[in-house]
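In: Would you be able to build a 3D model of this:
(one chain, ligands or ions: 1)
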Amino acid sequence: MLPQAGLAGMMGMAGSSNVQGEDQKKLDLVANEVFKNSLRRSGQCCILITEEEEEPIFIEEPHRGDYVVVFDPLDGSSNIDCGVSVGTIFGIYKAKNPGSGNYSLEDVMRPGTEMVAAGYCMYGSMSYMMITTGKGVAGFTLDPTLGEFVITHPKVQVPSRGPIYSINEGNAVNWDAATKKYVEACKAGTYNNGKPYSLRYVGSMVADVHRTLLYGGIFMYPADKKNPKGKLRVLYECFPMAMLVEQAGGKAITGTQRSLETMPDSIHDRAPIYLGSKEEVELIEMFKREMGAQ
Ligand SMILES: O=P(O)(O)OC[C@H]1O[C@](O)(COP(=O)(O)O)[C@@H](O)[C@@H]1O
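Out: The predicted structure follows:
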């Protein structure tokens, strides 16, 4: 049930939890309803996959179209009530048999390389929208006076290096040796003429990836002893962000392979992710090869 209108009604917990066992915020539910209804009414979608619902949503006629949309309606929900940047992440696949009317999980359980578009919106000091359709990345900023997104970043390019690393160091004790070695190298400035990297971690993937896209550096959510497959969801967090970063000249890996080439086991499957500046990601890739999964 949606919360009552008004700011007070929008803050705080909804009293329910999602398929991942995470407590849902009221705004998680509001955002989920808003996107579901808009996507259904677009007449372009056949299947919706959302972080907030366990099962796929099959769109019936007369609203059915040929696209599968996977989305995280409100990413970074742990930051909502303190007003820190949050966002929406989405990825789009074209159904395998467009116009057939026969749609199934086969249209969803696919590698990220088959996505036709991806993007995110970030809601912060300014609202941004970053999109790719496989031909580079364009960035738009909401102009509140127009109520329109205007193009501000026509051709986003991730710098090949960037002295910023972004990871939840609170999990460090559980990290694998390669991740520990890379983070130590960042702190020592080993590959930066002895100048230490800066740590930046908002705790909203959208905000941390947005900064990485524009300033360079690396965002990491590794697998660890506590989360053997990492925390972030393959379909509606890892894949869209990996496609954006690659299209902007960066790189995205799970640690052992290209993120977009992985095959999800389930619609809410998780995977480790290291993404950002090409040379930074290649450094951790080298350590992973040298040290394996120890
Ligand atoms: O608090 P942690 O473990 O560092 O996790 C933070 C990560 O979890 C997330 O909040 C997960 O997203 P949701 O808020 O959509 O569940 C990411 O945005 C963020 O990168």
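In: Up against the ligand, what does this structure have?
Out: Counting by Cβ under 6 Å from any ligand atom, the chain comes close to the ligand at Glu22, Glu51, Asp72, Asp75, Gly76, Ser77, Ser78, Asn168, Gly203, Ser204, Met205, Lys231. C-beta coordinates here come from the backbone N, C-alpha and C atoms, glycine included.
In: and the two most separated of those?
Out: Glu51 and Asn168 (18.7 Å; Cβ to Cβ).
In: Which of the two has more residues huddled nearby?
Out: Glu51 (26 against 14; other Cβ atoms under 10 Å).
In: can you pull the contacts of the residue lying closest to the more buried one once chain neighbours are set aside?
Out: Once flanking residues are discounted, Glu51 sits nearest to Asp72: 4.5 Å by Cβ to Cβ, 6 or more residues apart in numbering. By Cβ atoms under 8 Å, 6 or more residues apart in numbering, Asp72 lies in contact with Thr50, Glu51, Thr88, Ile89, Phe90, Arg233, Tyr236, Glu237.
In: for His153, same thing?
Out: Contacts of His153 by Cβ under 8 Å, 6+ apart are Met130, Val137, Ala138, Gly139, Phe140, Leu214.
In: so where's the stretch 151-294 of the chain uncertain?
Out: Along the stretch 151-294 of the chain, the parts satisfying pLDDT under 70 run over 293-294.
In: name the helices or strands packed onto the host helix or strand of Leu283?
Out: Assessed by DSSP states H and E, Leu283 sits inside helix 278-291. For helix 278-291, the packing partners by 3 or more Cβ pairs under 8 Å, 6 or more residues apart in numbering; DSSP states H and E come out as helix 177-188, strand 218-221, strand 251-253, strand 273-276.
In: Now render these as JSON lines, adding distance to Phe58.
Out: Shown next, in JSON lines, are the helices and strands packed on helix 278-291 (distance: least, Cβ to Cβ, whole Å):
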{"stretch": "helix 177-188", "distance to Phe58": "39"}
{"stretch": "strand 218-221", "distance to Phe58": "30"}
{"stretch": "strand 251-253", "distance to Phe58": "30"}
{"stretch": "strand 273-276", "distance to Phe58": "29"}
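In: what separates the residue in the stretch 51-200 of the chain that the ligand sits nearest to from Thr179, distance-wise?
Out: Here the stretch 51-200 of the chain gets closest to the ligand at one residue, Asn168, 3.5 Å apart by Cβ to the nearest ligand atom. Using Cβ to Cβ, to the nearest Å, one gets 11 Å for the distance from Asn168 to Thr179.
In: Which segments of this structure make up each domain?
Out: 13-153, 164-291 (automatic domain parsing).
In: Can you give me the first-to-last residue distance of the longest one?
Out: Terminal residues of domain 13-153 lie 35 Å apart, using Cα to Cα, to the nearest Å.
In: Burial check on Ser198, number of neighbours?
Out: 13.
In: who does it bridge with?
Out: Ser198 forms beta bridges with Ile164, as assigned by DSSP bridges.
In: ok, it touching Ser166?
Out: No. Counting by Cβ atoms under 8 Å, Ser198 stays clear of Ser166, with 9.5 Å between them.
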